[in-house]
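Asks: Got a predicted structure plus its sequence, pasted below:
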Amino acid sequence: MDMDDMDNKDRETASETFIVNIQRTQNSSWQGDITWSGGNGEKLHFRSGLELLKIMDSAMDKTAD
């Protein structure tokens, strides 16, 4: 089994819940808040869809550890 298979297996078993509140769109992107229920209700602001995805990916990386 190589590293890619291990990463995929970890991601398949990881599960998290996020509450995403889109407050507005500006410059063809979303702005709002995301609450991570698995992170003690941690609430973060995001300024773009890409930043939203990075926050979610980072949270998933923390659960895989």
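Replies: Everything's here; your move.

Asks: which ones are touching the spatially closest residue to residue 37 that is not a sequence neighbour?
Replies: Once its chain neighbours are removed from consideration, residue 37 has its nearest residue in residue 17; the separation is 4.3 Å (C-beta to C-beta, 6 or more residues apart in numbering). Yep, even glycine has a C-beta here, placed from its N, CA and C like the rest. Residues in contact with residue 17 (C-beta atoms under 8 Å, 6 or more residues apart in numbering) are 36, 37, 38.

Asks: okay, and for the chain, where does confidence drop off?
Replies: Low-confidence regions of the chain, defined here as pLDDT under 70, cover residues 1-14, 39, 64-65.

Asks: Now with 50, please.
Replies: In the prediction, the chain carries residues with pLDDT under 50 at positions 1-3, 6.

Asks: Quick one: the strands in it, in order.
Replies: With DSSP state E, the ranges of strands along the chain come out as 18-26, 29-36, 42-46.

Asks: Please identify the most buried of those.
Replies: Relative to the other members of those, strand 29-36 carries the highest mean neighbour count by mean count of other C-beta atoms under 10 Å, namely a mean of 16.
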